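# Show me how the following folds:
(2 chains)
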Amino acid sequence: EPEVTQTPSHQVTQMGQEVILRCVPISNHLYFYWYRQILGQKVEFLVSFYNNEISEKSEIFDDQFSVERPDGSNFTLKIRSTKLEDSAMYFCASMIDRGPNEAFFGQGTRLTVV
Amino acid sequence: AQSVAQPEDQVNVAEGNPLTVKCTYSVSGNPYLFWYVQYPNRGLQFLLKYITGDNLVKGSYGFEAEFNKSQTSFHLKKPSALVSDSALYFCALKDYKLSFGAGTTVTVRA
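Here you go, the predicted structure:
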């Protein structure tokens, strides 16, 4: 069964450092997302991406964040200068369309900022 | 604004008893509603969805959900809970993205 894969599973970084979280969405999916979950709490939308551009972003997704699809398979989330409050679980998701089909989620990257 | 709410932070049931996890929604038009489950240190797994048609939707692992338009609810149910159903459950609403409720922690005791 096709799946969304994320690397690394766990990343520890020092405050102020840049991190890149990587995702490989399901190959025929067209819509890509990043979500954040702090300590088993609510899953918060960060950004959606379609046709090589951001289609929607939340208030959380400020200038420190960026997304990219550098090739035909990877989808990355970059945090330019990490803060302690960026510590969270980051999930990538993909959908085949915006209709009634479900989103498929990766296993997540646990980011710890120290 | 479109949203979902999960009024209970926690649900505790004994194994073998029925399990219900509540969700209410607010949306203009017809909703696409989903349930996802998250096991510890894992990603979100799709359980079931309501698009249109039958108000009772069946999903994975013996779960089902009842869509009630008049009460704007989409409660998740399982007739006989297992200890292995202990997890975090999220209700979600889809427009161009999924918007999640706050989550309900389900604990099934042996």
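# strands paired with the helix or strand harbouring B:Ser99, and their directions?
In this assignment (DSSP states H and E), B:Ser99 forms part of strand B:98-100. Looking at strand B:98-100 with DSSP bridges, its partner strands are strand B:87-94 (antiparallel).
# Could you point out the helix or strand that follows the strand holding B:Ser99?
Assigned by DSSP H and E, the successor of strand B:98-100 is strand B:104-109.
# Adjacent strands (with direction) for that following strand?
According to DSSP bridges, strand B:104-109 forms sheet pairs with strand B:10-14 (parallel), strand B:87-94 (antiparallel).
# Pretty sure A:Val47 sits against A:Arg36.
No. The pair A:Val47 / A:Arg36 is not scored as a contact, 10.0 Å apart, by CB atoms under 8 Å. C-betas here are computed from N, CA, C, even on glycine.
# So which bits of chain B are right by chain A?
Selection of chain B residues close to chain A by CB under 8 Å from any CB of the partner chain yields B:32, B:34, B:36, B:42-46, B:49, B:51, B:88, B:90, B:94, B:96-103.
# Filter the residues you listed down to the buried ones.
B:32, B:34, B:36, B:43-44, B:46, B:49, B:88, B:90, B:94, B:97-101, B:103 (16 or more other CB atoms under 10 Å in any protein chain shown).
# any idea of the pLDDT on the spatially most central residue of chain A?
Centroid-nearest residue in chain A: A:Trp34, 3.1 Å away (criterion: CA atoms, centre = their mean). For A:Trp34, the pLDDT comes out at 98.
# residues in contact with it?
Neighbour list for A:Trp34: A:Leu21, A:Cys23, A:Leu46, A:Val47, A:Val67, A:Leu77, A:Tyr90, A:Phe91, A:Cys92, A:Ala93 [criterion: CB atoms under 8 Å, 6 or more residues apart in numbering or on different chains].
# That one is in what secondary structure piece?
Using DSSP H and E, A:Trp34 sits in strand A:31-37.
# what pairs with that strand, and is each one parallel or antiparallel?
When DSSP bridges is applied, strand A:31-37 pairs with strand A:43-50 (antiparallel), strand A:88-95 (antiparallel).
# Give me whichever of those is most buried.
strand A:88-95 (a mean of 24; mean count of other CB atoms under 10 Å in any protein chain shown).
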